[in-house]
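**Student:** any chance you could fold what I've pasted below:
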Amino acid sequence: MAILAHCFMQSFRTELENPVVEQEIIELEKKIKAFQAGQITDEKFRSLRLARGVYGQRQPGVQMVRIKLPFGKVTFKQLLRIADISDEYASKNLHLTTRQDIQIHYVSLDKTPELWAKLAQDDITLREACGNTVRNVTASATAGIDPEEPFDVSPYAHATFSYFLRNPVCAEMGRKFKMSFSSSERDTAFSYIHDLGFIPKVRITDGQPQRGFKVLLGGGLGSQPFLAYPVHDFLPEDELIPYIESTLRVFDRHGERNNRNKARFKYLIGKLGIEEVQRLIAAEAIANKVKTYPVDTNAVVLPEPPQSAVVAEEPINNINYEIWRATNVFKQKQAAYFGVYVKVLTGDISTAKARVLVSGLKGHVADDIRITQNQGLLLKFVREESLPHIFNLLTELDLASPGFESTSDVTTCPGTDTCNLGISNSTEMARVLERYIQEFHTDFIYEQNLKIKISGCMNSCGQHGLAHIGFHGSSVKANGKVLPAAQVMLGGGTIGDGEGRVAERVIKVPTKRVLQVVDLILTDYKAYKTEQEDFHAYYDRQTKDYFYRLLKPLSDLTTLTEDEYIDWGHQETFATAIGVGECAGVVIDLVATLLFEVEEKIEWAKKALEKEQYADAIYHAYSAFVWTAKALLLDKGINASTQQGVITEFDNHYTADGTFSFPTSFSERVLQINKYSPSPEFAKAYLIQATAFYYEGAERRDSLKV
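**Tutor:** Numbers count the residues shown, from 1 in each chain. Next comes the predicted model:
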């Protein structure tokens, strides 16, 4: 195996300059072989591959691979590389996600190390794109060119991504953790539904402008949406990274680990209260790797505008061009340049189209494409004379649909196409709705303040919880049969500057009636709103009950047709076939692997110590303490649900009866971690203590087996 891995990586050694990435890819190949040989349990292997962006699909035997693109930035070369990868290993399609990633599907597990190595040649990673860790850090696609932004947040999003990638503080949390950076108070990155959301601010200090962020904490969507708490009106820019680290430390130690349905940060706040969580965050500051962290604002620089001369070109359809320009083009803050949005239906673009697109854009746009939160693309630094050419190119590719980010621009997750949790075919529903609005409610392609979003299940990957009109997949029973249904949710959306609204559940209707739902709501809104009312104001004035009564006839199951027993895009009768979800992470504390993992953590701590990475060494040693205690508690049938619970229960069940002895308590020994700043002296002493505890615990467990 080692020889095979060595030979495999040798072919990429000239391109892979990062030895850490190289080692990760070798390790992934080893883990795959060990799993296939039955040496690693399915549960444990699932966590390993999820942390490397490899996600099980609804279809057996194939994987979805999520490619992590910080704040949605992708270059021409990277996009072509991903297209090549999809052609060679996947389905020749690229799926753009609401978290600004690219996903490819139908990948053989055996091919994922090779695939990753090829992506790494162009500085693209899969690391921590899934699993119980920090997910892709998102940012407003317009960052850097937004006329309303106080400053470009891209370097701060990049610094956050870089600092926490492979960071032991967030390597094995109870659940995923999501962060966003909005470019302005319009909050286009939805700070209010993130675990941590940031909005840029500038204040004058001693006569000088100072950068910082408004901080939102503890938001989330899923089946139970929570709006984030505003916890800082102004956090200075050099305190950003330390604050995030302190927050992650609190989540790692106190977050739920047994019941994944209650394991997000929002539930920890609900359990302890926002004041106590803030106190815990403040208490962790001493243990952080850094106390301040100046962000290198030159790490992400504005791209060079296109330099080549533009040949004059006429739009192939003047009327369509004018509508497209009015809805998909805006003036950048940089004079004489425009941003151009590309509407990508359901976020899916074939690799063939991607190649033609890149070829046609060269010389007309900057080499910095951004994936948007509504699954489209943003092109930057477009000169006015290039607009007709870009329109013609997009028209040729069937990508010139107008109404970007309007009512006719429907956001959706993959639904039952590939997802294990999908209940309904959300992608086909989105396609049908978009065509319907464009044909029968054409005026809504100009409406920016009424958005439709769809998820295939209640987990809100399609962001239905923050939609003005949202749908999530469900089912109902009628006449002894199960038929696909859609839960209608109304009134959600962004207000601005960290404020938002969660959509309310109004009624459930058969899925095939969603066109009638949208038709009734849009017609009613146009007919009865006052001149100044946006949809939020109209919804509040009419009330939820008004819309329930408006839509109630559509929930009548006595008038069903045969077609309504069949989901959108299907020919067979509907049946719920929900698998085991993976995107939300899994509980992986298996007794058989805990002590083996401790050995790994001690080795990682030693290596970090050798590299003088004292904070990392300390955190690995802390994990060794907790995992050893967890294993010993499980021997007694005690399954504590948080790390803090493990520490407390170990004192109750092992220290109290004298089985293990400490100068004071196990708790005090372990929680030295947040009493001292990282230093070589403390790191060495703490690792010695953790190692000794592991050996004593392993020896006791072995003696009990004999």
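
**Student:** let me see the contact set for Gly131.
**Tutor:** Ser47, Leu50, Ala51, Lys176, Gly585 (C-beta atoms under 8 Å, 6 or more residues apart in numbering). Every C-beta, even on glycine, is put in place using the N, C-alpha and C of the backbone.

**Student:** I'd like to know how far the spatially closest residue to the fourth one that is not a sequence neighbour sits from Glu600.
**Tutor:** Here the nearest residue to Lys176 in space, its sequence neighbours aside, is Arg135; by C-beta to C-beta, 6 or more residues apart in numbering that works out to 5.2 Å. In this structure, Arg135 and Glu600 are separated by 23 Å, where distance is defined by C-beta to C-beta, to the nearest Å.

**Student:** cool, and Tyr106?
**Tutor:** 32 Å.

**Student:** same check, this time on Arg325
**Tutor:** Arg325 is 56 Å from Glu600, where distance means C-beta to C-beta.

**Student:** looking at these two, which has the bigger crowd around it?
**Tutor:** Arg325 (18 against 14; other C-beta atoms under 10 Å).

**Student:** hmm, that one is touching Pro388, no?
**Tutor:** No. Contact between Arg325 and Pro388 fails when scored by C-beta atoms under 8 Å: they sit 9.2 Å apart.

**Student:** now do the helices in the stretch 251-400 of the chain.
**Tutor:** Along the stretch 251-400 of the chain, counting by DSSP state H, counting those that start in this stretch, helices occupy 265-272, 274-284, 318-328, 351-361, 387-396.

**Student:** what would these look like in a markdown table with mean pLDDT?
**Tutor:** Listed next are the helices of the stretch 251-400 of the chain as a markdown table, based on pLDDT from 0 to 100:
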| stretch | mean pLDDT |
| --- | --- |
| helix 265-272 | 96 |
| helix 274-284 | 98 |
| helix 318-328 | 98 |
| helix 351-361 | 98 |
| helix 387-396 | 97 |
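
**Student:** returning to what we had before: now the two most distant members of the contacts of Gly131.
**Tutor:** Greatest spacing in the contacts of Gly131, by C-beta to C-beta: Ser47 and Lys176 (12.2 Å).

**Student:** tell me which element Glu531 falls in.
**Tutor:** Using DSSP states H and E, Glu531 falls within no helix or strand.

**Student:** let me know how buried it is, in neighbour terms.
**Tutor:** Number of residues near Glu531 (other C-beta under 10 Å) recorded here: 4.

**Student:** repeat that for Ile638.
**Tutor:** Burial of Ile638 is recorded as 16 neighbouring residues (other C-beta under 10 Å).

**Student:** for it, which non-adjacent residue is spatially closest?
**Tutor:** Ranked by C-beta to C-beta, 6+ apart and with sequence neighbours excluded, the top spatial neighbour of Ile638 is Glu649, at 5.6 Å.

**Student:** confirm that the one you found sits in a strand.
**Tutor:** No. Read with DSSP: H, G, I helix; E, B strand; the rest coil, Glu649 is helix and lies in no strand.

**Student:** ok, now which ones touch it?
**Tutor:** The neighbours of Glu649, taking C-beta under 8 Å, 6+ apart as the test, are Leu633, Ile638, Ala640.

**Student:** buried set for the helix or strand where the first one lies?
**Tutor:** Element membership for Leu633 (DSSP H and E) is helix 614-635. By neighbour count, with 16 or more other C-beta atoms under 10 Å as the criterion, the buried positions of helix 614-635 are 614-634.

**Student:** what's it packed up against?
**Tutor:** In terms of contacts (3 or more C-beta pairs under 8 Å, 6 or more residues apart in numbering; DSSP states H and E), helix 614-635 is packed against helix 591-610, helix 643-650, helix 666-670, helix 680-705.

**Student:** distance from that helix to the middle of the chain?
**Tutor:** Computed by C-alpha atoms, centre = their mean, to the nearest Å, the chain-centroid distance of helix 614-635 equals 28 Å.

**Student:** quick check: angle from that helix to helix 680-705?
**Tutor:** Interaxial angle, helix 614-635 versus helix 680-705 (axes from the mean of the first three to the mean of the last three C-alpha atoms, to 10 degrees): 20 degrees.

**Student:** dump helix 614-635 to PDB, restricted to CA.
**Tutor:** Coordinates of each C-alpha in helix 614-635 appear next as PDB, following Å, rounded to 0.1, in the frame of the first residue of the first chain:
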ATOM      1  CA  TYR A 614       2.400  25.500  20.700                       C
ATOM      2  CA  ALA A 615      -1.400  26.400  20.600                       C
ATOM      3  CA  ASP A 616      -2.000  23.400  18.200                       C
ATOM      4  CA  ALA A 617       0.100  21.100  20.400                       C
ATOM      5  CA  ILE A 618      -2.000  22.100  23.400                       C
ATOM      6  CA  TYR A 619      -5.300  21.600  21.600                       C
ATOM      7  CA  HIS A 620      -4.300  18.100  20.400                       C
ATOM      8  CA  ALA A 621      -3.300  17.200  24.000                       C
ATOM      9  CA  TYR A 622      -6.600  18.600  25.200                       C
ATOM     10  CA  SER A 623      -8.400  16.300  22.700                       C
ATOM     11  CA  ALA A 624      -6.300  13.400  23.900                       C
ATOM     12  CA  PHE A 625      -7.500  14.000  27.500                       C
ATOM     13  CA  VAL A 626     -11.100  14.200  26.500                       C
ATOM     14  CA  TRP A 627     -11.100  11.200  24.100                       C
ATOM     15  CA  THR A 628      -9.400   9.000  26.700                       C
ATOM     16  CA  ALA A 629     -11.900  10.000  29.400                       C
ATOM     17  CA  LYS A 630     -14.800   9.400  26.900                       C
ATOM     18  CA  ALA A 631     -13.600   5.900  26.200                       C
ATOM     19  CA  LEU A 632     -13.300   5.000  29.900                       C
ATOM     20  CA  LEU A 633     -16.800   6.400  30.600                       C
ATOM     21  CA  LEU A 634     -18.200   4.300  27.800                       C
ATOM     22  CA  ASP A 635     -16.800   1.300  29.500                       C
END
